[in-house]
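J.: build me a model from this:
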Amino acid sequence: MFSQNGLLLNPDKSEVMYIGTRQRLRISELPETVTVAGSTIATTDKLKVLGVVLDSSLTFDQHVRDTVRNCNFHLRALRRIRPSLTSDVANTMAYSIIGSWLDYCNSLLVGISEQNLDSIQRVQSKAARIVL
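T.: Residues are numbered from 1 along each chain as shown. You can find the predicted model right below:
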């Protein structure tokens, strides 16, 4: 298929991931590598696609951890300069920086665990405390 369309597969930039429940993935004997278009590609437990980290069970735990870490980094910076800003400017900055991280692909997070939801809520609460 690749060669018919004049395409080449770069195995260094390609990844394969099996998706299923944790229990099913644990009991299944899945191969460590997959051959596609003559190239051997190793399997992985998580992939980053368009900025979203997908894990093999689609729990989005790693994606939420990365998002919270990035938001907290920017919130610490905002906290340092907050005394120099008006409330309107601080609100605009918080929403534009933190809101963009939290809103990006958030429709994928429907049904995430309570723990992940609490982590996201804590970021929003922290942003509100800094602004106000």
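
J.: which residue ranges make up each domain of this protein?
T.: 3-44, 59-131 (automatic domain parsing).

J.: burial of V110, as a residue count?
T.: 7 (other Cβ atoms under 10 Å). Glycine gets a C-beta too; all of them are placed from N, C-alpha and C.

J.: from the domains of the chain, which stretch is densest packed?
T.: domain 59-131 (a mean of 15; mean count of other Cβ atoms under 10 Å).

J.: what average pLDDT does that domain get?
T.: If you average the pLDDT over domain 59-131, you get 93.

J.: what helix or strand is L7 on?
T.: Take DSSP states H and E as the rule and L7 turns out to sit in neither a helix nor a strand.

J.: can you give me the helices for the chain?
T.: 22-27, 61-81, 87-94, 100-103, 114-131 (DSSP state H).

J.: hang on, the earlier thing: nearest to V53 among the domains of the chain would be which one?
T.: Closest to V53 of the domains of the chain, according to Cβ to Cβ: domain 59-131, at 4.0 Å.

J.: how long is the closest one end to end?
T.: For domain 59-131, the first and last residues are 31 Å from each other (Cα to Cα, to the nearest Å).

J.: and stretch 55-67, by the same measure?
T.: Start-to-end, stretch 55-67 (Cα to Cα) is 15 Å.

J.: so what touches stretch 120-130?
T.: With contact meaning Cβ atoms under 8 Å, 6 or more residues apart in numbering, stretch 120-130 is reached by 64, 67-68, 71-72, 75, 78-79, 82, 90, 94, 98, 102, 109.
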